[in-house]
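A.B. asks: next input, structure requested:
(chains A and B)
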Amino acid sequence: MSVLKAIAKGMGTTLRKPRLVVILYVFNLVFAVAAAAPFLLLVHQELGHSLAGSNVRPADVTWLGEAALKYGNALMPLLGLVLTVGFLYLALQVFFNGGVVGRLLDREGRTTLEPFFADCGRYFWRYVRIFLISLIFLFLTFGVLLKLLSALIRPASESAVTEWLPLILSNLHFLVALLLLSIVHMIVDYARIAVVADGEAKVLRALRHALKFLGKRFFRAWAIYLLLVLLTLVGTVVFYAVLGRFAAPAVAGTVAGLVWMQIYVLFRIWMRTVFVSAQAEYYRSHPY
Amino acid sequence: MKNRALAAFLVCAALSLPPGAALLAQEQAAAPGAPGLRYEIWVELDAAGKMLLGKEEIVWTNPTRDAVPDMLLHLYWNAFKNEDSVFIRESLAETMFQGGASPDDGEWGWIDITDIRLADGSDLKPTLQFVLPDGPETAGDQTVARILFPAPVQPGESVHVRLEFRSKVPRTVARSGYYRNSFFIAQWFPKPGVYEEGQGWNCHAYHMNSEFFADFADFVVHITVPKGYVVGSSGKQTGAHVDESAGKKTLTFSQAMVHDFAWMADPRYLLIEREFIADREVTAQEYQETADLLGLPLEEVRLPNVKMTLLIAPEHKGQIDRHFKALRAALKYYGLWYGPYPYETVTMVDPPYRTGSGGMEYPTLFTAGTGVLRSRKALSPEGVIVHEFGHGYWYGLAANNEFEAAWLDEGFNTYSTGRVLARAYGAGVLSLNFKGFPVEWFLRLPMIFDFETDRAAAINTVRYDPVTAWSWKFYNRGSYGANVYMRAATLLRTLEGYLGEPAWSRIMRTYHMRYRFRHPAKADFVGVVNEIAGKDMTWFFDTLLDGTEAFDYGVAVVSSVKVPVRRRGVYDTNGTREEWTQKKIEALETSQAKAPVGGAAKTSYLTTVVLRRYGEARLGGDAKVQVLVRFKDGSSETRAWDGQARWARLEFIKSVEAESAQIDPENIWLIDANLANNSRGADGLRRNVVKLMSQLLFTVQSFLHFIGSWS
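C.D. replies: Down below sits the predicted model:
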């Protein structure tokens, strides 16, 4: 299967299963409301009754300065709350991964809550183990490979005549980090897909399937991943370009902005399912 | 002494003249005389060895009535000599920005006086000793040395000191240093402190959070560098000599009436010269408006032409025009507002890479700072160019003691920078970079004015220190910066708002011109404010600069209730006692409402506004805050509150309910720590609040999505 065909088929599959995106979106929204609630209440309490609320801008320095003064001491507990919710959400996503992959690979199957959660439960412990393995990969990437790269470029950077060389080297380092990260994510994605597609009960075996599969067609698989990244970036650029047009001082603009932001969140979640679906299509079209 | 007496006489005389004439007289009073200090310095840069070899002649004339037995000299580079220096000890103990302040092995800097004697040959070296002007806790510091004269220098008498010094250029800790073949050389020569009558030498150690203080002097400096080096320096180049055989060149720079002298040398640099032609920069209308505002004759506000020199790294040459445009704006507005730039030259240096010398001011020379990738909306390097040039006025000309009253230059100049940038460029975005790229290229950042960021810092820093603390006595570097730069600037802007532009413009102009070429202190500025404003504003400085209490007034309650036609209870009317129950009152209201048009009693509302003083700081003198109450029929009423009590209740009887109440509706009291509580209106979600909340929610959603992607 070609790269583009895999992506197209992956998209088609996800579009046939819109409930999946809705489920993920609802949980994202619920968790976000829980994490943001103290901040939202704070904003309402401080600005809801004040005329300043009519002029406040995003990243308003005037108001942020006042909030820092008044709530500076509460910032760490509040951030702690956000991080706690973040970790819970991460755990939930590990749980949901089973449902997402399971439902996407079951082409004809329904995407109601029951089979979704059944898949979540079926694959949960295997996906927890894959998540733990992914942490090892991340450690090897950031803790070893990228540090080694930093050590290699540091002498050149430290003796640079102008700022160009450090700037270029630093950005190359960053680019390499992103590419390595994409590879780690891709390997983990395929391991998860192998668990479901191959009915593999052993995680390490599923990982071996994924690596063997990628070993034979790494660049094509990577191209799928990077093209999907590019598509997400294009969507992000479009999102921000359009969002800027909602700056006009009108109620309709505010509502439209709010809706547009939620559409973008839906887009990001949909793209996440496309990653899984497109890679799954590619995996299944080339038995290892 | 003679000049000061003359100045004092003219100032006193001027007080009895009309405002315009008073300013004119003050400006004349501030005209420079010959300084009591002269330097001639010969210095050679050993670029390979990173050394300076120098000879120096100092002629100091005792301007006081004291007989002066000694001289205290700054040896600033000994701050980089070892970890016993006050500078490095303070850096290592810094609680906010730790690390990096101590040089690496082999990169220390120092200065040795190898010979020092009087012009008659008397050897002063045996008397040379390091002293601790800032107390025994600074033991080990070698940044101040004392020499003893064979006989005290009598009032009006001059002493001629000749010395030789040898210095190791530090590998950049602060302001001075080298990187590869680039050098920025500042605070590099032995330099006397400032002798204060009855007080002795004011000569502090080199502290981490402090800049400098010195007397005005005439300088002649001969700088010898390898032939291929490009040199930029304070002053005007008055000579050049190339020694082909030695592969060296010597450049001579001279400048009268400055109190410091810095220079840089780099073989790669581009040197560009342009002219500030005043009549091209300032229109006749601008001159006229300025003259009218200041109450000065037109000729008094005319600006001179100035030769501008830029030394810039080749990789930044695409920004040459940006540099000059910013400098022209600074020359124009500082000149128009505070007084004409008095020197022939100004040299702007793009700081040599990794010399840590960016964003620093020296008389007639300053360092800016840019990068290879810059957003046009970020006003960087424009901000730093305007600011560092501005120090030529605040510190360079009105030369306060930066050790003891840093706010007098940093605060004044931060305030002035904000005004110039706002006038010349408008608002800008924050200069944020990611991996060297301006964030603004990827994200839409809000446009903000300097005074907004200044205020945000100002309200958060008051709890740590007073603005007027000595530089090295602040809680940490953050408190020092936020107080002396931003809080001071915010207070000046507050004062501007309170006194109004005409009075304020005259205050700033008078203060600058009166103390040009002098060393003003806080009392001098307060004196000018009181004099021009025509009222005693001392409370403002005592409360808000010397104090550490928050200033916060607000509206706590706005409520409107219908005034009943009768109140409940038992009333004696015409000898009979009648009880008015709620039911009877309602019946009366109903009957009145049914009365023919014109006969019905008007419904009245009692609006109550409760004001509160949330902060400990309070208004003083005759200052009051205004309170504006708007009503639903579009009418409004303004009242004033002296703000002395912790709260006040205002009542209004109107035919309609109140829509909102706002304290300080014109935002005069910018220093108020909470502008959000300054007003209170009808409840309900406001559009911008909804927008803010939706963006907050979106940010958290995006954050969670990002976290989830690692699953």
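
A.B. asks: which helix or strand contains the residue of chain B found nearest chain A?
C.D. replies: For chain B and chain A, the shortest gap (C-beta to the nearest C-beta) falls at residue B:456, measuring 2.7 Å. In short, each C-beta sits where N, CA and C put it, glycine included. Assigned by DSSP states H and E, residue B:456 falls within helix B:450-461.

A.B. asks: which other helices and strands does that helix contact?
C.D. replies: helix A:61-71, helix B:407-424, helix B:477-481, helix B:488-499 (3 or more C-beta pairs under 8 Å, 6 or more residues apart in numbering or on different chains; DSSP states H and E).

A.B. asks: mind putting these in JSON lines, distance to residue B:185, mean neighbour count and mean pLDDT included?
C.D. replies: Shown next, in JSON lines, are these (distance: least, C-beta to C-beta, whole Å; neighbours: other C-beta atoms under 10 Å in any protein chain shown; pLDDT from 0 to 100):
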{"stretch": "helix A:61-71", "distance to residue B:185": "38", "mean neighbour count": "19", "mean pLDDT": "93"}
{"stretch": "helix B:407-424", "distance to residue B:185": "22", "mean neighbour count": "24", "mean pLDDT": "98"}
{"stretch": "helix B:477-481", "distance to residue B:185": "24", "mean neighbour count": "20", "mean pLDDT": "94"}
{"stretch": "helix B:488-499", "distance to residue B:185": "30", "mean neighbour count": "23", "mean pLDDT": "98"}
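
A.B. asks: near residue B:676, how many other residues are there?
C.D. replies: Number of residues near residue B:676 (other C-beta atoms under 10 Å in any protein chain shown) recorded here: 23.

A.B. asks: and it, what pLDDT?
C.D. replies: Residue B:676 carries a pLDDT value of 95.

A.B. asks: how about the one 4 residues further on?
C.D. replies: In the prediction, the pLDDT value recorded for residue B:680 is 93.

A.B. asks: that one and residue B:637: what is the separation?
C.D. replies: Using C-beta to C-beta, to the nearest Å, residue B:680 is found at 15 Å from residue B:637.

A.B. asks: looking at these two, which one has more neighbours?
C.D. replies: Taking other C-beta under 10 Å, residue B:680 and residue B:637 do not tie; residue B:680 has more neighbours (23 against 16).

A.B. asks: quick one, what contacts the more buried one?
C.D. replies: Residues near residue B:680 by C-beta atoms under 8 Å, 6 or more residues apart in numbering or on different chains: A:49-51, B:555-558, B:660-662.

A.B. asks: need the residues of the stretch 151-288 of chain A near chain B, please.
C.D. replies: Residues of the stretch 151-288 of chain A found near chain B, taking C-beta under 8 Å from any C-beta of the partner chain as the criterion, are A:159-164, A:167, A:170-171, A:174, A:185, A:240, A:244, A:249, A:251, A:254, A:257-258, A:261-262, A:264-265, A:268-269, A:272.

A.B. asks: I'd like the list of the contacts of residue B:680 that fall within strands, please.
C.D. replies: Secondary structure assignment by DSSP state E places B:555-558, B:660-662 of these in strands.

A.B. asks: which of the residues in stretch A:68-81 are buried?
C.D. replies: Within stretch A:68-81, the residues that count as buried by 16 or more other C-beta atoms under 10 Å in any protein chain shown are A:69-70, A:81.

A.B. asks: identify all contacting residues around that stretch.
C.D. replies: By C-beta under 8 Å, 6+ apart, the residues outside stretch A:68-81 that reach it are A:35, A:38-39, A:42, A:46, B:456, B:459-460, B:673-674.

A.B. asks: those residues, buried ones only, as a PyMOL selection?
C.D. replies: The buried residues among the contacts of stretch A:68-81 can be selected in PyMOL (16+ other C-beta under 10 Å) with this line:
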select buried, (chain A and resi 35+39+42+46) or (chain B and resi 456+459+460+673+674)
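
A.B. asks: up against chain A, what does the stretch 251-400 of chain B have?
C.D. replies: B:268, B:313-315, B:353, B:371-373.

A.B. asks: for the residue of chain A found nearest chain B, give me its contacts.
C.D. replies: Chain A approaches chain B most closely through residue A:65 (2.7 Å), counting by C-beta to the nearest C-beta. By C-beta under 8 Å, 6+ apart, residue A:65 lies in contact with B:455-457, B:459-460.

A.B. asks: from those, which single one is nearest residue B:586?
C.D. replies: residue B:459 (50.0 Å; C-beta to C-beta).

A.B. asks: ok, that closest one to residue B:552 distance?
C.D. replies: Per C-beta to C-beta, residue B:459 is found 8 Å from residue B:552.

A.B. asks: need the overlap of contacts for those two.
C.D. replies: Counting by C-beta under 8 Å, 6+ apart, the common neighbours of residue B:459 and residue B:552 are B:672-674.
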